[in-house]
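Colleague: give me a model of this one.
(6 chains)
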Number of protein chains: 6
Amino acid sequence: MPTVPILADADLSPEARAVFEDIRRVRSTDFVNRFWRALANDPPLLKSTWERLKDVMGPGELDPLVKEMIYIAVSATNSCAYCIHSHSAAARAKGMTPAQHAELMAVIGMAATTNVLSAAMGIEPDPEFLVGETG
Amino acid sequence: MPTVPILADADLSPEARAVFEDIRRVRSTDFVNRFWRALANDPPLLKSTWERLKDVMGPGELDPLVKEMIYIAVSATNSCAYCIHSHSAAARAKGMTPAQHAELMAVIGMAATTNVLSAAMGIEPDPEFLVGETG
Amino acid sequence: MPTVPILADADLSPEARAVFEDIRRVRSTDFVNRFWRALANDPPLLKSTWERLKDVMGPGELDPLVKEMIYIAVSATNSCAYCIHSHSAAARAKGMTPAQHAELMAVIGMAATTNVLSAAMGIEPDPEFLVGETG
Amino acid sequence: MPTVPILADADLSPEARAVFEDIRRVRSTDFVNRFWRALANDPPLLKSTWERLKDVMGPGELDPLVKEMIYIAVSATNSCAYCIHSHSAAARAKGMTPAQHAELMAVIGMAATTNVLSAAMGIEPDPEFLVGETG
Amino acid sequence: MPTVPILADADLSPEARAVFEDIRRVRSTDFVNRFWRALANDPPLLKSTWERLKDVMGPGELDPLVKEMIYIAVSATNSCAYCIHSHSAAARAKGMTPAQHAELMAVIGMAATTNVLSAAMGIEPDPEFLVGETG
Amino acid sequence: MPTVPILADADLSPEARAVFEDIRRVRSTDFVNRFWRALANDPPLLKSTWERLKDVMGPGELDPLVKEMIYIAVSATNSCAYCIHSHSAAARAKGMTPAQHAELMAVIGMAATTNVLSAAMGIEPDPEFLVGETG
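Modeller: Here you go, the predicted model:
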């Protein structure tokens, strides 16, 4: 039950249509998932979000699968069911094995525990962790 | 300003002392950070947390640096200043470059945006993402 | 699948019934949504929540539509699907246009990004932002 | 570094002063912590928050110490340093032992882990957990 | 729609089967909920999570029902629908009355409010809350 | 204590310097806050974040002060102290009165409560809130 219409291809404005063409080209698939079909109600938001995602998740310093796993970690922590599903599918498509998925979950679960324990104990970062200001 | 005392070595119970020795052995350093010194007020919680962390963050399916970056992603999403600092320091110690750190942050920031956009739009996962039940 | 029964009008206690009457009167509609029907299991909690909501969301310093958009911003950040839907409907009823909705989402998404980047970088507020204590 | 002034007793409006008197009376102490001194900038918000807190945390169905521990659990999960500290102090004042505090943290940490694992695995509640609608 | 298969008993590895037997023995029921059936894809993660849960939620310093209520508080704050449902069912099974459930929700709701107000006002913990370092 | 150096003007790369000049031009002030000085370690991330922020927070469908208040709402919900402070300062600079600030906080606090109550009660959105799919 979305708060905005999920647009079919026939409903797209020309600007949104151009973004969908780029999504299909970059991903080499005709499938465009609902996230983009919902954003397509506002073509500028669609375009800026896609351009930024394409840039961030494209070739860079980190392995593409690592980036998907980081995405899953953030999405699970934020309880974003949609993003967990879309990026788990993307990670599997990029070769994530069930054993890697399990270890990813173990790390996410461990971090959630020590995060909340640190908060509950109110501890300040040790000075040994310091990077410092130069300015 | 912690909610529990941060214990010095001299204040440790024998059970806590044994855990500290294992931390020092595994990490090859005499430095034991405050997180463990705060947990040391309850030796069983100290021991179970350390044993679990040692297991999860030890050799496995994922690269040790990748695991630290996943830890940072969860900790930043949970606003856990302590964990962000300790695991950013750990990631640097394991070779994270400034360029990798920047890309990690770009991915975390991107995920935070699409998480909240997905929530605001109330979209359900596409059936194409389905894994399915066998039971 | 609720954790408490969703009460029909016929199931209401007299105290809950009185609150429902006030909800219908203030909102000028016979429709009472599930949130109140779930809270109605505990009439005092129903009453205090409704009285507080009526006061906070009633006439005041901020435009009623602005208050609904702030409500959506908090609810999206908390991943509260129920509240996102109820307050998006309320905002539309108060005149929110699709273009305003899109800009609201753009701001929410931007804030989510800079929030997590600030956390990941561990930066302290600049002294220039200071208000100060008088006490 | 607050975003609003922290008011000293001499700065209070008559309405805020009356609330402070009630806080002092109910808590049997002259100390009024900063949370109320910050809220005192807006006497109606101060008054409604205090009245609600007094009602919720006053005598009821649950033990006062249990309520403080629930408060700590929510506050740690929300990373609210202020509330963690104020309610940990309140819980100690109500008799929370170090061993109870440790077990509270163990439960909070466990819940944080299974919460994020459940999210990462995208599982739906089992029908066996159902309460059902009556309406 | 899970991101991993929900395993039926016939699909379990011997290690997972042994954990399920322990779950059934400890809980005195044949019913094993989906959380464990999803974790069973990775028997070591299943085993470590169950062993830790059994330890944390078993006999200790706090009443078993209190621990379930703390679990609900964390799960509601994290918007974990699965855990809210499973632990609300567990709490009812351990004797939580509707009135206690309502008061639990009132405390959770109150804490959520003062958490976000404290954050919005940027207040630092009062020195009166201090426990202090010994190290 | 940041996890990356806070760069002084003298430390900036040419690309970062150009972004700082644009920040100063758009904001009509020489002051550049730490958020940008930390991001300046990675000029592309600095540039993309600033360009996006300038676009989102610039003239549009919503009043500039309303956008700052939405920013505060998200930041308070995420416990981002840095962003709460920077955007509270920006909102004051754009004319937010203390009474508006108080009402903003009242709405944020109310939303936090009903969000967590909705989660705790596990209620599904009413069909009356439906927008529907067209695709």
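Colleague: what does the pLDDT read for the residue lying closest to residue A:54 once chain neighbours are set aside?
Modeller: Using C-beta to C-beta, 6 or more residues apart in numbering or on different chains and skipping residues adjacent in sequence, the residue nearest residue A:54 is residue A:26, 6.1 Å away. In this view, the C-beta of every residue, glycine as well, is placed from N, C-alpha and C. With respect to pLDDT, residue A:26 scores 97.
Colleague: neighbours of residue A:26, just the number please.
Modeller: By the criterion of other C-beta atoms under 10 Å in any protein chain shown, residue A:26 has 13 neighbours.
Colleague: on contacts alone, who are the packing partners of whichever strand or helix holds it?
Modeller: Per DSSP states H and E, residue A:26 falls inside helix A:14-27. Other elements packing on helix A:14-27 under the criterion 3 or more C-beta pairs under 8 Å, 6 or more residues apart in numbering or on different chains; DSSP states H and E are helix A:34-39, helix A:43-57.
Colleague: most tightly packed of the ones you listed?
Modeller: For the helices and strands packed on helix A:14-27, the largest average neighbour count (mean count of other C-beta atoms under 10 Å in any protein chain shown) is found in helix A:34-39, namely a mean of 24.
Colleague: please name the nearest non-neighbouring residue to whichever residue of chain A sits closest to chain E.
Modeller: Nearest to chain E in chain A, going by C-beta to the nearest C-beta, is residue A:102, at a distance of 3.3 Å. Closest residue to residue A:102 apart from its sequence neighbours, by C-beta to C-beta, 6+ apart: residue E:42 at 3.3 Å.
Colleague: same deal with residue A:57?
Modeller: Nearest residue to residue A:57, sequence neighbours excluded (C-beta to C-beta, 6+ apart): residue A:67, at 5.7 Å.
Colleague: the one you found in helix, strand or coil?
Modeller: helix (DSSP: H, G, I helix; E, B strand; the rest coil).
Colleague: what pLDDT is listed against it?
Modeller: 98.
Colleague: for chain A, what lies in contact range of chain D?
Modeller: A:72, A:76-77, A:79, A:81, A:84-85, A:88, A:104-105, A:108-110, A:112-117, A:119-122 (C-beta under 8 Å from any C-beta of the partner chain).
Colleague: mind redoing it with 10 Å?
Modeller: With C-beta under 10 Å from any C-beta of the partner chain as the criterion, chain A meets chain D at residues A:72-73, A:75-82, A:84-85, A:88, A:101, A:104-106, A:108-122, A:124.
Colleague: please list which of those residues are also close to chain F.
Modeller: Answer for the residues of chain A next to chain D near chain F (C-beta under 10 Å from any C-beta): A:78, A:79, A:119, A:124.
Colleague: got the angle for the helix holding residue A:26 vs helix A:43-57?
Modeller: Computed with axes from the mean of the first three to the mean of the last three C-alpha atoms, to 10 degrees, the direction of helix A:14-27 lies at 20 degrees from that of helix A:43-57.
Colleague: what's helix A:14-27 in contact with?
Modeller: A:7, A:9-13, A:29-33, A:36-37, A:39-44, A:46-51, A:53-54, A:57-58, A:90, A:93 (C-beta atoms under 10 Å, 6 or more residues apart in numbering or on different chains).
Colleague: surely residue A:71 and residue B:108 touch.
Modeller: Yes: using C-beta atoms under 10 Å, residue A:71 is in contact with residue B:108, at 8.7 Å.
Colleague: overlap of the contact sets of the two?
Modeller: Residues touching both residue A:71 and residue B:108 (C-beta under 10 Å, 6+ apart) are A:56, B:73.
Colleague: quick check on the residue nearest to residue A:102: phi, psi?
Modeller: Torsion angles at residue E:42 (phi, psi; degrees, to the nearest 10) stand at phi -130, psi 90.
Colleague: now do residue A:96, the pLDDT please.
Modeller: Per-residue confidence at residue A:96 stands at 98 (pLDDT).
Colleague: how near is it to residue A:66?
Modeller: Per C-beta to C-beta, to the nearest Å, residue A:96 is found 10 Å from residue A:66.
Colleague: need the overlap of contacts for these two.
Modeller: residue B:62.
Colleague: name the nearest residue to residue A:47, sequence neighbours excluded.
Modeller: residue A:19 (5.2 Å).
Colleague: repeat for residue A:76
Modeller: Per C-beta to C-beta, 6+ apart, closest to residue A:76 is residue D:120, 4.0 Å.
Colleague: contacting residues for the one you found?
Modeller: Neighbouring residues of residue D:120 by C-beta under 10 Å, 6+ apart: A:72-73, A:75-77, A:79, A:84, A:88, A:101, A:104-105, A:108-109, E:2-4, E:38.
Colleague: please redo it, this time with the cut-off set to 7 Å
Modeller: A:72, A:76, A:84, A:105, A:108, E:3 (C-beta atoms under 7 Å, 6 or more residues apart in numbering or on different chains).
Colleague: among the residues you listed, which one sits closest to residue A:131?
Modeller: residue A:108 (25.3 Å; C-beta to C-beta).
Colleague: mind telling me what element the closest one is part of?
Modeller: Short version: residue A:108 belongs to helix A:98-121, going by DSSP H and E.
Colleague: just the CA trace of that helix, in PDB.
Modeller: Coordinates of each C-alpha in helix A:98-121 appear next as PDB, following Å, rounded to 0.1, in the frame of the first residue of the first chain:
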ATOM      1  CA  PRO A  98      24.800 -18.300   1.700                       C
ATOM      2  CA  ALA A  99      27.800 -18.600   3.900                       C
ATOM      3  CA  GLN A 100      28.800 -14.900   3.300                       C
ATOM      4  CA  HIS A 101      25.200 -13.900   3.900                       C
ATOM      5  CA  ALA A 102      25.200 -15.700   7.200                       C
ATOM      6  CA  GLU A 103      28.500 -14.000   8.200                       C
ATOM      7  CA  LEU A 104      27.200 -10.600   7.100                       C
ATOM      8  CA  MET A 105      24.200 -11.200   9.400                       C
ATOM      9  CA  ALA A 106      26.400 -12.300  12.300                       C
ATOM     10  CA  VAL A 107      28.500  -9.100  12.000                       C
ATOM     11  CA  ILE A 108      25.300  -6.900  11.800                       C
ATOM     12  CA  GLY A 109      23.900  -8.600  14.800                       C
ATOM     13  CA  MET A 110      27.100  -8.300  16.800                       C
ATOM     14  CA  ALA A 111      27.400  -4.600  16.000                       C
ATOM     15  CA  ALA A 112      23.800  -4.000  17.100                       C
ATOM     16  CA  THR A 113      24.600  -5.600  20.400                       C
ATOM     17  CA  THR A 114      27.700  -3.600  21.200                       C
ATOM     18  CA  ASN A 115      26.100  -0.400  19.900                       C
ATOM     19  CA  VAL A 116      23.400  -0.600  22.400                       C
ATOM     20  CA  LEU A 117      25.700  -1.800  25.200                       C
ATOM     21  CA  SER A 118      28.000   1.100  24.600                       C
ATOM     22  CA  ALA A 119      25.000   3.500  24.700                       C
ATOM     23  CA  ALA A 120      23.600   1.900  27.900                       C
ATOM     24  CA  MET A 121      27.000   2.200  29.600                       C
END
